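In: turn this into a model:
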Amino acid sequence: MARLTIYKDNNTTTTLVPNLFIDEYMDGANDAQLKVYLYLLRMFGAGQATSVSGIADKFNHTEKDVIRALKYWEKKQLLKLEYDEDKNLSGIHLRDLTQVSGAPAESANLALTLSGQTGEESASPAYGEEAAEPEPAFVKPVYTPDQLREFKSRANTDQLLFIAESYIGKPLTPSEMKSILFFTDVLHFSDDLIDYLLQYCVDRNKRDFKYIEKVAISWAEEGVTSPKQAQKYATRYDKDVYAIMNELGKSGSPTSKELSFINRWTKEYGFSTDIIFEACERTVLATDKHRFEYADGILSSWKRQGVHHKADIRRIDDLYQKQKAAKSAKPSGGSNRFNQFAQNNYDFDALEKELLSN
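Out: Numbering: from 1, shown residues only. Down below sits the predicted model:
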């Protein structure tokens, strides 16, 4: 994912919603647009980082919904989207509503991680140009009870509904059954693709069929017809995934296990790519095998020690070297090297020994 910086014209340590926004801008905005803008204000006020995928997950929207909302507010001149030479989104400038027609203000220091968007899809409309809302390519029909009964009578429907109920964890309502019918009859998804769709959403703790429908439609719009294509589509905008793979000497798309490690580092641990790259570099220098497990050992140790910046890593390194020097000056007493790893938070030799023994 491309690193972005949010700039705001006026500094504040609280989340303030200007009266001008309520008076002049709320009326014409839809639900997604309001949530995205208010959430940006919230993240800036708290000095916290977020991501397009994080915003999408929080509000049960797709990443495309979030990108469209950002472009809407850019049209309204409440923010400015910045792009690099390759037309990847690289920055967000939140503008002071009282000076929306003024000159650019000084930047503030808040990093926001967003999924990279490339090419025409990420290009913003020209100044003053009204970008028309695209007509939806797929619309869920209003199914009648007779159509639902006919769907339930099909040979493979029982198995498909059973799979869906297993993922969702409860019997499906008639409305949810109609969603499954929509996936098969309108989107023309195979049973395997519906299975993967449900798994994909549930793995992200999303069991709301409104959200599942949005994901399904986004896949259909991109011509996804198989689970393999869906997996590639889900990660293709996430440039950091491939950058991390490259840092660990891997090529091609990540496996599900490798992707789970990367998601843990970026989402659960909240590490920026520079910290992850540092762990990857140390991993590659230390071992040729079990690199994801090795890097995870380093990063989980840094997470426990409250690492947020590379300066924190240097502090930990200095402390480790001091402890190591102090121990070398004392009789070893048959100390166990793995216990030394636990005490000193990370010992690369011990970690490699433990991984290679598995």
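In: pretty sure Lys35 sits against Phe59.
Out: Yes. With contact defined as Cβ atoms under 8 Å, Lys35 reaches Phe59; the gap is 4.9 Å. Backbone N, C-alpha and C define where each C-beta goes, glycine included.
In: any idea which helix or strand carries Ile92?
Out: strand 89-94 (DSSP states H and E).
In: in a helix, Leu81, correct?
Out: No. Assigned with DSSP: H, G, I helix; E, B strand; the rest coil, Leu81 falls outside any helix and is strand.
In: neighbours around it, how many?
Out: 20 (other Cβ atoms under 10 Å).
In: got any ranges where the stretch 151-300 of the chain has weak pLDDT?
Out: 235-238, 252-253 (pLDDT under 70).
In: can you give me the helices for it?
Out: 157-168, 174-185, 191-203, 209-221, 227-236, 239-247, 256-263, 273-286, 291-304 (DSSP state H, counting those that start in this stretch).
In: among those, which comes closest to Ile55?
Out: helix 209-221 (13.1 Å; Cβ to Cβ).
In: for the closest one, packing partners?
Out: helix 174-185, helix 191-203 (3 or more Cβ pairs under 8 Å, 6 or more residues apart in numbering; DSSP states H and E).
In: quickly list the domain ranges of this structure.
Out: 2-122, 145-235, 239-356 (automatic domain parsing).
In: and these as CSV, adding distance to Val139?
Out: As requested, the domains of the chain are exported to CSV (distance: least, Cβ to Cβ, whole Å):
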stretch, distance to Val139
domain 2-122, 16
domain 145-235, 8
domain 239-356, 32
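In: and of those, who's closest to Phe138?
Out: domain 145-235 (5.1 Å).
In: before we move on, back to that, quick one: closest of the helices and strands packed on helix 209-221 to Pro227.
Out: So among these, helix 191-203 is nearest, using Cβ to Cβ, at 3.8 Å.
In: direction-wise, compare the closest one with helix 209-221 and give the angle.
Out: 130 degrees (axes from the mean of the first three to the mean of the last three Cα atoms, to 10 degrees).
In: so helix 191-203 versus helix 157-168, what angle?
Out: Using the same axes, to 10 degrees: helix 191-203 against helix 157-168 is 20 degrees.
In: buried residues in helix 191-203?
Out: Neighbour-count burial for helix 191-203 flags Leu193, Ile194, Asp195, Tyr196, Leu197, Leu198, Tyr200, Cys201 (criterion: 16 or more other Cβ atoms under 10 Å).
In: now the two most distant members of these.
Out: Leu193 and Cys201 (12.6 Å).
In: tell me the helices and strands packed up against the helix or strand that contains Lys322.
Out: Assigned by DSSP H and E, Lys322 belongs to helix 310-328. Using 3+ Cβ pairs under 8 Å, 6+ apart, the elements in contact with helix 310-328 are helix 273-286, helix 291-304.
In: please report the distance of the residue nearest to the spatial centre of the chain from Ser328.
Out: Nearest residue to the geometric centre of the chain (Cα atoms, centre = their mean): Ser53, 3.6 Å. For Ser53, the distance to Ser328 (Cβ to Cβ, to the nearest Å) stands at 46 Å.
In: with distance to Ser272 added, can I get the helices and strands packed on helix 209-221 in TSV?
Out: Output for the helices and strands packed on helix 209-221, formatted as TSV (distance: least, Cβ to Cβ, whole Å):
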stretch	distance to Ser272
helix 174-185	37
helix 191-203	24
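In: okay, buried residues for the helix or strand hosting the residue nearest to the centre of the chain please.
Out: Applying DSSP H and E as the criterion places Ser53 in helix 52-59. Judged by neighbour count using 16+ other Cβ under 10 Å, the buried positions of helix 52-59 are Val52, Ser53, Gly54, Ile55, Ala56, Asp57, Phe59.
In: can you check stretch 26-35 too?
Out: Those would be Ala29, Ala32, Gln33, Leu34, Lys35, for stretch 26-35 by 16+ other Cβ under 10 Å.
In: Thr157 contacts Phe151, correct?
Out: Yes. The criterion here is Cβ under 8 Å, and Thr157 meets it with Phe151 at 6.0 Å.
In: quickly list what's touching both of the two.
Out: The contact sets of Thr157 and Phe151 do not overlap (Cβ atoms under 8 Å, 6 or more residues apart in numbering).
In: ok, back up a step: and the angle from the helix holding Lys322 to helix 273-286?
Out: 40 degrees.
In: helix 310-328 - what's its average pLDDT?
Out: On average, the pLDDT along helix 310-328 is 86.
In: what angle do that helix and helix 291-304 make?
Out: 90 degrees.
In: dump helix 310-328 to CSV, keeping only the CA atoms.
Out: The C-alpha trace of helix 310-328 is given here as CSV (Å, rounded to 0.1, in the frame of the first residue of the first chain):
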residue,chain,number,x,y,z
LYS,A,310,12.9,2.7,13.7
ALA,A,311,14.5,4.7,16.6
ASP,A,312,12.8,2.2,18.9
ILE,A,313,14.5,-0.6,17.2
ARG,A,314,17.9,1.0,17.6
ARG,A,315,17.1,1.5,21.3
ILE,A,316,16.3,-2.2,21.6
ASP,A,317,19.4,-3.2,19.7
ASP,A,318,21.6,-1.1,22.1
LEU,A,319,20.0,-2.6,25.1
TYR,A,320,20.5,-6.1,23.7
GLN,A,321,24.1,-5.5,23.1
LYS,A,322,24.6,-4.2,26.6
GLN,A,323,22.9,-7.2,28.1
LYS,A,324,24.9,-9.5,25.9
ALA,A,325,28.2,-7.8,26.9
ALA,A,326,27.2,-8.0,30.6
LYS,A,327,26.4,-11.7,30.3
SER,A,328,29.7,-12.5,28.5
